[in-house]
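Q: Below is the structure, and that's it, no one-letter string:
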């Protein structure tokens, strides 16, 4: 049986220059990088549509920090990035159409970091958009505040607030049962860029000198999220419409650190709902519970070992209520079309009302550093998915086949450095 | 205390075992009924189909013609113009791509549509489910149109057969028609205009009734040399069409072609018609067609339905026909006769 092919590729090249002059309180960092993402779904003579997406990002940014005598600090920077997205789609008769968007954004940021007061640390700053990727009106200022207050030597209270904006978005068809491909696009000019308000609060508590607990809660509201128009009827209807979202959650992390071992155990709980028109549902990436456990050990003699275990409760997806014969006439004016022109069509159950299987995986690794003259070698032996958990990847509705993620997989990496 | 790691491992094993690893693409089974009924003005016999959803193992796409989902035994009533029409079960045989297809459906006779009438369908499914839908038969009006053939403004005064020119008949772009859909709430409707020339051809001792469609354009574009290129009409939301006088002349000549016996052709009538879909069927057809022809990010067509309690479509297709006042001298120019009776 024929299958569609999926292909992804990423490439990245960058340059970073950091300067810190002796006796000067000014630190400057310059960064220039280019990254390219390419993804495609090739139908291979199946009924799938051809989808191809390319994203190019050329960014230049400079960051500076100026540290005052009292330890307080000014910081800021500018960022220029040129973004180009290509989205090539086919229609149902196989014709290809391309939408190319390119734009340059110019933004800057500035802030003040307060460190001179013993019990209080604060960071006040804002981003300023001078030239945006989209023409639509949006936020010019994106202010952010973070405050840490040491109530006790072993207890720090934390709080944060900020406004955020995003002009480059991924598009996910939530009506698709399990999509593999989510293209990147610049928010079209008929929509405002998505923006969010974040509220964060929590505390750090030192249980012992080596054991620290981090507890944090958050609440986030998002507006003008670009989502696929699920009621596309007329040719003039917009492809994307604005949605809103609300999320909250909490994370507890225990960090244990001695001279030779670092361990972290964390649990996070999150809850997200999205509202499109009057429909409220959990978006695809709303995994309710996540657990992460990791140990990194320095075994001495240039040996080190690591172990990571991740658990995520199953993500939401949309089941089907079977299929039905849908009236789909090529020529509705043909008098017999009402009796003959039918194609099977899936009936979607509640949007994202079911959950995929839980995900968990154990990875282990051991590494050794070897020096031979000026040659430095890093040799890593890693085992992915140690107990061969069959984690769900995607489902092929043509064959009913469930495709799983990586099985038990040992790998060896050797890195040489001169 | 020495047992602690072992107990921890047992708990971890039990936790991992309890993790949900089942995956079922199919939701718990639930009946969904589908009603499809397109009432038409070109017939007095109207048909409807009722079917139900069906599940396949692992949610795989069903093999072609493997499942007959049609539902029999339903009671379908159409409420129209203060009357109730009850549809009956039947089986019809139709030719489908060269093969005979047998379709279980429902029908009713003597249901003749009138523009603007609100029509309701109600289907009672065995088992208690009810499907309901209401539509308005399309109606249109013509704000400013000349009803002569060829179209004239003002009508010419001639005594000899002639081929019209710019001096006597409209050429372009005013050679055209426009119409307005008068629907509830002003919802857009899909329509297709046609210019039909009906004629009789005397052949082997008898007359054969025939019809010719004159090409109409939604609009014209021009090529590099400034020549007009027609974009032919199709079922669309456009509410006007145009043509060229030379196109009409060419169509008239094509009626007889190279046949030297022009007098064997009798033009009986010329009709400008507009075939309209009601707003609900327009939405349904547009949703399907927009997905089929456009380069959409959406991976699945919008599953529009106007059936309350189920899926499918209840729609109407109405053909508005406007006989044109034919200039007999124009017909005679081609050597044909004009006989409207």
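A: Structure received. Every value quoted in this text rests on a predicted model; they were computed, and no experiment measured them. Numbering: from 1, shown residues only, chains lettered A, B, ... in the order given.
Q: Stretch A:5-18 close to chain B?
A: No - judged by CB under 8 Å from any CB of the partner chain, stretch A:5-18 stays clear of chain B, getting no closer than 13.5 Å. All C-beta atoms are positioned from the backbone trio N, CA, C, and that covers glycine.
Q: Kindly report the same for stretch A:321-334.
A: Yes - applying CB under 8 Å from any CB, one finds stretch A:321-334 touching chain B at A:321, A:322, A:323, A:324, A:325, A:326, A:327, A:328, A:329, A:332, A:333.
Q: how many other residues sit next to the fifth one?
A: Close neighbours of residue A:325, defined as other CB atoms under 10 Å in any protein chain shown, add up to 24.
Q: in the chain, which spans are helices?
A: Just so you know, I chose chain A. For chain A, the helices defined by DSSP state H cover A:337-340.
Q: not quite, I wanted chain B
A: Going by DSSP H, chain B shows helices at B:4-18, B:245-256, B:279-293, B:328-333.
Q: Of the residues of stretch A:321-334 next to chain B, which belong to strands?
A: A:321, A:322, A:323, A:324, A:325, A:326, A:327 (DSSP state E).
Q: re earlier: among the residues of stretch A:321-334 next to chain B, who's most crowded?
A: Most crowded among the residues of stretch A:321-334 next to chain B, counting by other CB under 10 Å, is residue A:327 at 30 neighbours.
Q: So that residue is in contact with residue B:36, correct?
A: Yes - contact criterion CB atoms under 8 Å: residue A:327 and residue B:36 qualify, at 4.6 Å.
Q: got any residues that touch both of those two?
A: Overlap of the contact sets of residue A:327 and residue B:36 (by CB atoms under 8 Å, 6 or more residues apart in numbering or on different chains) consists of A:338, B:312, B:313.
Q: Wait, residue A:257 touches residue A:209, no?
A: No - applying CB under 8 Å, one finds residue A:257 not in contact with residue A:209, separated by 9.5 Å.
Q: between those two, who's got more neighbours?
A: The residue with more neighbours, out of residue A:257 and residue A:209, is residue A:257; 14 against 9, by other CB under 10 Å.
Q: so who does that one touch?
A: A:210, A:212, A:263.
Q: Now the stretch 1-150 of chain B against chain A: closest residue?
A: residue B:58 (3.0 Å; CB to the nearest CB).
Q: Identify the residues contacting that residue.
A: A:400, B:25, B:26.
Q: Mind checking which of those are buried?
A: Among the contacts of residue B:58, those classed as buried by 16 or more other CB atoms under 10 Å in any protein chain shown are B:25, B:26.
Q: Turn the ones in strands among the residues of stretch A:321-334 next to chain B into JSON lines, columns for distance to residue A:124 and pLDDT.
A: Output for these, formatted as JSON lines (distance: CB to CB, whole Å; pLDDT from 0 to 100):
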{"residue": "A:321", "distance to residue A:124": "53", "pLDDT": "93"}
{"residue": "A:322", "distance to residue A:124": "57", "pLDDT": "92"}
{"residue": "A:323", "distance to residue A:124": "57", "pLDDT": "93"}
{"residue": "A:324", "distance to residue A:124": "58", "pLDDT": "94"}
{"residue": "A:325", "distance to residue A:124": "62", "pLDDT": "92"}
{"residue": "A:326", "distance to residue A:124": "57", "pLDDT": "93"}
{"residue": "A:327", "distance to residue A:124": "61", "pLDDT": "93"}
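Q: just for chain A, where's the confidence low?
A: A:1-2, A:45-47, A:92, A:177-179 (pLDDT under 70).
Q: Show me what residue B:211 is bridged to.
A: Counting by DSSP bridges, residue B:211 forms beta bridges with residue B:198.
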